[in-house]
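A.B. asks: One predicted model, sequence on top.
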Amino acid sequence: MKKILLLIAALFFAVSLQAKGDLHLFSIENKDGKITPYTIEQALNNGGLHVELNSNMIGPFKKQFKETKYKVFTLMTFWSKKYTRDLVNKYPKAGAFTPMGMGIYQAKDEDTLHFSVLTAEAQGKILGLKDLSLLKKIEAQVMNVIKANFPTAKHTYSEDSLKSSHDLVTTYEMELDEDEDPEDVVDEFQMNLEAAFKPYGFVVPQFMDLNEVLTEDGTKESPYDFYITYSICKLPVIYTVSKSRPEASAFAPCTTMVYKKKNENKVVVGFPAVYNWLSSARVEDKDAKAALLKAQKDFESILKDVTE
């Protein structure tokens, strides 16, 4: 009986070691402040990735909320120069993570800098992909950059994610007439979408013409007439969630995809739902949950309006 119990305990310990959540978490000693979001940006850019956004949130936090417990809180987005084109060409929904995010944060009372980024498995789960090979290659790029440039960084995983019964990517479609010009469609759609953001308190710190990447500036074919992505922020959401779950900043800013495939008469628009924040980052604080769910409702209203 004793041997059986020991075996059960050993198996449980092995499973515990293998269990991992949806976020890669890194921490590195930074008492002197020499490691900054800009050194991280440079490392990513030099490692085969391309940083689209490096947004310092300390100023906006202080301006709107008068205080913050962080001395570093940055939202960064990036994509892979080598693999993103193949990924989005193969899986249209992958634009919801193009660019993908990294949260970088350090509290005023600590000497450790942290950064968080989604695992390939988490992205695959959210996008509904079974083949993770390209996501794994991008993940390996990120991990290699961090290992090479920040060798003393400690790597862990977040806690196991909470279960969610909701769709993890929210999408809407707008049917088009066969004779509509794609350029006219995208111009009008962008105008309507961008006009709808401000009344709800959303801001767009970054816009990306993803089709330029897919066509390699017009030298290759793309399966899309157009593909654009917006990085969307709502400051009260990020600020409120940061108080209890700063690692959720890996989801911020949220990437909103807008595309039309060739030979299809519809525009698809969508974004990773806030249920991912709640699940992957285990957001359980009452105020943070309320802010996220309000943002989800508001953003759904925007997309319904622009696709009707």
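C.D. replies: Okay, I see it. Residues are numbered from 1 along each chain as shown.
A.B. asks: drop to CA atoms for contacts and neighbour counts, all remaining ones
C.D. replies: Fine.
A.B. asks: Identify the residues contacting Gly72.
C.D. replies: Rather than Gly, residue 72 is Val. Val72 makes contact with 56-58, 104-108, according to CA atoms under 8 Å, 6 or more residues apart in numbering.
A.B. asks: ok, and for the host helix or strand of His50, which residues are buried?
C.D. replies: Per DSSP states H and E, His50 falls inside strand 49-56. Within strand 49-56, the residues that qualify as buried by neighbour count (16 or more other CA atoms under 10 Å) are 49-56.
A.B. asks: Quick check: phi and psi at Ser164.
C.D. replies: phi -140, psi 140 (degrees, to the nearest 10).
A.B. asks: Not counting sequence-adjacent ones, nearest residue to it?
C.D. replies: Counting by CA to CA, 6 or more residues apart in numbering, Ser279 is the residue found nearest to Ser164 once chain neighbours are left out, at 6.3 Å.
A.B. asks: residue ranges with poor pLDDT in the stretch 151-300 of the chain?
C.D. replies: When residues are selected by pLDDT under 70, none of them lie in the stretch 151-300 of the chain.
A.B. asks: which residues of it fall in helices?
C.D. replies: Taking DSSP state H, counting those that start in this stretch, the helices of the stretch 151-300 of the chain run over residues 182-197, 210-214, 235-242, 275-280, 286-307.
A.B. asks: got the contact list for the second one?
C.D. replies: Taking contacts as CA under 8 Å, 6+ apart, the residues outside helix 210-214 that touch it are 85, 88-89, 218, 220-222, 224, 226-229.
A.B. asks: Could you rerun that using 7 Å?
C.D. replies: 85, 218, 222, 226-229 (CA atoms under 7 Å, 6 or more residues apart in numbering).
A.B. asks: Among those residues, name the ones in strands.
C.D. replies: With strands defined by DSSP state E, the entries of those inside them are 226-229.
A.B. asks: so what's Ser80 bridging to?
C.D. replies: Each beta-bridge partner of Ser80 is listed here, defined by DSSP bridges: Leu49.
A.B. asks: what's the distance between it and Gln141?
C.D. replies: Distance, Ser80 to Gln141, by CA to CA, to the nearest Å: 8 Å.
A.B. asks: Repeat that for Val72.
C.D. replies: Taken as CA to CA, the spacing of Val72 relative to Gln141 amounts to 24 Å.
A.B. asks: Got phi/psi on the residue nearest to Leu118 when sequence neighbours are not counted?
C.D. replies: With CA to CA, 6+ apart as the criterion, Leu118 has its nearest non-adjacent residue at 4.5 Å, and that residue is Leu23. As for Leu23, its main-chain torsions (degrees, to the nearest 10) stand at phi -120, psi 130.
A.B. asks: which residues does Leu23 contact?
C.D. replies: 116-119, 157-158.
A.B. asks: at 6 Å what do you get?
C.D. replies: The neighbourhood of Leu23, defined by CA atoms under 6 Å, 6 or more residues apart in numbering, consists of 117-119, 157-158.
A.B. asks: that older thread, quickly compare the helices of the stretch 151-300 of the chain and say which is most buried.
C.D. replies: helix 275-280 (a mean of 24; mean count of other CA atoms under 10 Å).
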